[in-house]
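Novice: Starting from these lines, generate the structure:
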Amino acid sequence: MSLQTTMLAAPAEHRILRRAEVEAKTGFKRAHIYSLMKEGKFPKAMRLGVRAVGWDSVEVEQWIAERLKERA
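Specialist: Okay, here's the model as predicted:
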């Protein structure tokens, strides 16, 4: 079984990603991420505290996978 198949078959681990991690994974900066969220085209951030938000890692990974499928 290939590594890619193993990764797809393994249950996804939910983590909270902070903005810097989301930016690194998507290649988008803050303003574009928030613009996409507002348009309903990117997973919504969850409030973690008064000045902190995070994203569900599984939702972000699924969003990335969907973009890659569209490209194929």
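Novice: Please count neighbours and contacts with C-alpha atoms only from this point.
Specialist: Will do.
Novice: hey, where'd the strands end up in the chain?
Specialist: Ranges of strands within the chain are 16-17, 46-49, 52-56, based on DSSP state E.
Novice: Serialize these to TSV and add fields for distance to residue 32 and mean pLDDT.
Specialist: Formatted as TSV, those follow (distance: least, CA to CA, whole Å; pLDDT from 0 to 100):
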stretch	distance to residue 32	mean pLDDT
strand 16-17	17	98
strand 46-49	17	96
strand 52-56	15	97
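Novice: any idea how far the spatially most central residue of the chain is from residue 50?
Specialist: Centroid-nearest residue in the chain, with CA atoms, centre = their mean: residue 60, separated by 1.6 Å. Relative to residue 50, residue 60 is positioned 22 Å away (CA to CA, to the nearest Å).
Novice: just the helices in this protein please.
Specialist: Ranges of helices in the chain, per DSSP state H, are 3-9, 19-26, 30-38, 57-71.
Novice: The third one - contacts with which helices or strands?
Specialist: Same thing as helix 30-38. Identification of packing neighbours for helix 30-38 by 3 or more CA pairs under 8 Å, 6 or more residues apart in numbering; DSSP states H and E yields helix 19-26.
Novice: Low-confidence stretches in the protein?
Specialist: 1-10 (pLDDT under 70).
Novice: redo that, cut-off 50
Specialist: 1-2, 5-6 (pLDDT under 50).
Novice: residues contacting residue 45?
Specialist: 53, 54, 55, 56 (CA atoms under 8 Å, 6 or more residues apart in numbering).
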